[in-house]
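K.L.:
Predicted structure and sequence below. I'll ask about it afterward.
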Amino acid sequence: MSSQPNPLSVEQNTPEAQAYRHALDVIGAVEPRVADAIRGEITDQRSYLKLIASENYASPAVLLTMGSWFSDKYAEGTVGHRFYAGCQNVDTVEQLAADLACEVFGAPYAYVQPHSGIDANLVAFWAMLAAKVEAPYLVDQGVRHVNDLTEADWEDLRARLGGQRMIGMSLDAGGHLTHGFRPNISGKMFHQRSYGVDPETEMLDYDNVRALANEFKPMTIIAGYSAYPRKVDFAKMREIADEVGAYLMVDMAHFAGLVAGGVFDGDFDPIANAHIVTTTTHKSLRGPRGGMVLAGRDGTELNEFIDKGCPMVLGGPMAHVMAAKAVAFAEAKQPSFADYAHQIVDNAAALGEGLKRRGARLVTGGTDNHLLLVDVAPFGLTGRQAESALNDSGVIVNRNSIPGDPNGAWYTSGVRLGTPALTTLGMNPSDMDEVADIICDVLTHAEPAAAKSGPSKAKYLMGDDVSQRCKERSSALLQANPLYPTIGKI
Ligand code: PLP
């Protein structure tokens with residue numbers, strides 16, 4: 001038995017502990033319910049094993065940077081070219097964030113204003129549309145600006161912009177809604193077709209991508225995913241794009257941390273292979289909540305359009321978040337971040353092995369990135385039931401469709417697991433074996449509850465003893481690997 005007190009039950013005196021205590025006092029004096037909710041959030045985050053593949057724990061330095069007076073600034077425009085006076089400090093942090101992003105990713109240009117992944121994708125789409133459609137159209141018409149077009153030519157241009165095509169990975173194979181699917185604005189902007197995975201291996205089917213690209217002739221091929229547990233060969237995707245004269249856009253929102261940390265290199269490095277790359281900054285990259293667009297390494301005509309987010313799809317940039325991006329990129333430049341990125345992947349592999357050894361089926365049979373997709377149908381459960389049973393046992397995951405999912409996108413047949421957050425806590429492959437055991441304990445003991453017309457797809461039954469023992473085991477792992485130990489008791 002350890003005689004060390006749990007650092008989370010002690011009032012620490014570190015600068016960050018003091019900063020947060022005082023900050024909560026200041027907030028609580030105005031609206032105590034918000035201060036309480038913030039305390040509630042850290043308590044929850046410290047009480048569950050977080051296996052949400054898209055989440056992480058940003059450092060206190062990143063978090064504190066967002067709570068600064070940069071939040072008060074308007075700074076429409078770009079560095080040195082603002083529509084507002086008084087932006088010299090915003091210029092400093094925006095330039096720093098962009099320079100650091102270029103260093104971390106080996107990119108020739110970075111645009112750090114997008115507020116999120118969806119914004120970054122919109123900026124990239126409109127950069128491609130501007131380069132391919134709008135700019136040549138203005139040249140043809142002999143005008144410099146869209147405002148100089150006649151009404152009829154403007155309507156003609158709008159129709160041309162709306163007539164473009166893209167292909168992206170299908171949703172049930174792990175693609176993302178922003179890759180041209182109808183519920184998202186991208187699906188309303190583009191004619192979209194999706195490519196899938198091989199039904200046997202569940203691996204990305206490059207022949208299918210090539211055949212579709214040749215038949216559909218898209219302006220853009222999007223590679224990238226939110227729930228595909230394997231590497232993507234971006235060199236091969238670029239070959240296909242070049243064959244049909246398309247742009248290759250990689251959305252590395254999920255795995256940017258693995259790119260920054262050098263896990264995905266060579267043919268698997270998006271910057272080395274794509275024309276344009278988008279990302280979020282808050283997932284495996286472990287920065288503030290935000291987005292970014294990077295130019296591909298070989299540089300193309302797209303580069304001059306990458307920073308035209310405002311006024312196209314963005315208003316004023318969030319300077320406090322750009323400052324926090326700079327802090328996060330400075331962290332990602334450290335050699336310890338490369339160790340972290342490799343550990344994420346080692347942990348995912350160990351978690352996968354642990355699950356398989358205990359009889360679980362993983363989509364594609366395993367993982368070579370930060371995430372895994374567990375098929376829960378063999379346990380007799382829907383993804384929704386598995387998600388709830390795990391949540392009630394101290395493990396946070398999200399349900400996810402699997403290829404050819406018979407249960408659709410709401411109930412699903414899978415759960416997605418990711419290791420970036422637990423790896424930030426310092427967990428290692430032997431901890432992952434314990435996590436796999438906890439997960440399988442829950443999945444083997446949960447069963448569908450009865451509904452009027454047969455087994456429920458949403459409700460589940462499981463003995464309290466199972467959730468109790470799993471909670472205790474999850475809690476033991478979290479005590480040994482505490483979240484924000486230097487912040488301590490809040
Ligand atoms: N692209 C991918 C691949 C994603 O996984 C996500 C978010 O899950 C996004 C884009 C959108 O990011 P955001 O939620 O920051 O808008």
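P.N.:
That came in fine, so what should we check first? Numbering: from 1, shown residues only.
K.L.:
Return the residues of the protein in contact with the ligand.
P.N.:
54, 116-118, 121, 176, 178, 224, 226, 251, 253-254, 280, 291 (CB under 6 Å from any ligand atom). For glycine as for every other residue, the C-beta is placed from the backbone atoms N, C-alpha and C.
K.L.:
May I see the ChimeraX selection of the buried members of those?
P.N.:
Buried residues within these, by 16 or more other CB atoms under 10 Å, are selected in ChimeraX with:
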select :54,116,117,118,121,176,178,224,226,251,253,254,280,291
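K.L.:
now the residues of the chain next to the ligand as a markdown table including secondary structure and pLDDT?
P.N.:
As requested, the residues of the chain next to the ligand are arranged in a markdown table below (DSSP: H, G, I helix; E, B strand; the rest coil; pLDDT from 0 to 100):
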| residue | secondary structure | pLDDT |
| --- | --- | --- |
| S54 | coil | 98 |
| S116 | coil | 98 |
| G117 | helix | 98 |
| I118 | helix | 97 |
| N121 | helix | 98 |
| H176 | coil | 97 |
| T178 | coil | 97 |
| G224 | strand | 98 |
| S226 | coil | 97 |
| D251 | strand | 98 |
| A253 | coil | 98 |
| H254 | coil | 98 |
| T280 | strand | 98 |
| G291 | strand | 98 |
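K.L.:
From the residues of the chain next to the ligand, pick the one nearest the ligand.
P.N.:
G117 (2.3 Å; CB to the nearest ligand atom).
K.L.:
Can you name the residues that contact that closest one?
P.N.:
Contacts for G117 were tallied using CB atoms under 8 Å, 6 or more residues apart in numbering; they are 178, 251, 253, 278-280, 291.
K.L.:
ok, D392 - contacts?
P.N.:
Going by CB under 8 Å, 6+ apart, D392 touches 462, 467.
K.L.:
cool, and G463?
P.N.:
Per CB under 8 Å, 6+ apart, neighbours of G463: H445.
K.L.:
Which segments of the protein make up each domain?
P.N.:
Following automatic domain parsing, the chain resolves into domains at 70-332, 336-480.
K.L.:
Mind checking the ones you listed for the one nearest to Y48?
P.N.:
Across the domains of the chain, Y48 has its closest neighbour in domain 336-480 (4.6 Å, CB to CB).
K.L.:
That closest one: how far from the chain's middle?
P.N.:
Chain-centre distance of domain 336-480: 19 Å, with CA atoms, centre = their mean, to the nearest Å.
K.L.:
repeat for stretch 133-149
P.N.:
Counting by CA atoms, centre = their mean, stretch 133-149 comes out at 36 Å from the chain centroid.
K.L.:
What helices and strands are in contact with the top strand by length along the chain?
P.N.:
Selection of the longest strand in the chain by residue count, based on DSSP state E, yields strand 454-461. Using 3 or more CB pairs under 8 Å, 6 or more residues apart in numbering; DSSP states H and E, the elements in contact with strand 454-461 are helix 383-391, strand 447-451.
K.L.:
Could you provide the domains of the chain in TSV, with additional columns for distance to Q12?
P.N.:
Compiled in TSV, these are given as follows (distance: least, CB to CB, whole Å):
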stretch	distance to Q12
domain 70-332	21
domain 336-480	16
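K.L.:
Next up, identify which helix or strand the closest residue to G262 other than its chain neighbours is on.
P.N.:
Excluding its sequence neighbours, the residue lying closest to G262 (CB to CB, 6 or more residues apart in numbering) is A338, at 5.2 Å. Assigned by DSSP states H and E, A338 falls within helix 335-357.
K.L.:
ok, the helix or strand just after that helix: who's next to it in the sheet?
P.N.:
On the C-terminal side of helix 335-357, the closest following helix or strand by DSSP H and E is strand 361-362. Strand pairing for strand 361-362, using DSSP bridges, gives strand 371-375 (antiparallel).
K.L.:
Need the contact partners of the strand it pairs with.
P.N.:
Residues contacting strand 371-375 (CB under 8 Å, 6+ apart): 53, 174, 227, 229, 254, 348, 351-352, 355, 360-364, 366, 386, 400, 402, 413-419, 439, 443.
K.L.:
got the angle between it and helix 383-391?
P.N.:
Interaxial angle, strand 371-375 versus helix 383-391 (axes from the mean of the first three to the mean of the last three CA atoms, to 10 degrees): 120 degrees.
K.L.:
of all the helices and strands packed on strand 454-461, which lies closest to A211?
P.N.:
helix 383-391 (30.6 Å).
K.L.:
Need the residues that contact that closest one.
P.N.:
48, 374, 376, 379, 381, 396-401, 407, 410-415, 439, 442-443, 446, 448, 456-460, 462, 467.
K.L.:
Among the contacts of strand 371-375, the buried ones, what's the ChimeraX command?
P.N.:
Only the buried entries of those go into this ChimeraX selection, using 16+ other CB under 10 Å:
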select :53,174,227,229,254,348,351,352,355,360,361,362,363,364,386,400,402,413,414,415,416,417,418,419,439,443
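K.L.:
and the helices and strands packed on strand 454-461, which is most packed in?
P.N.:
helix 383-391 (a mean of 24; mean count of other CB atoms under 10 Å).
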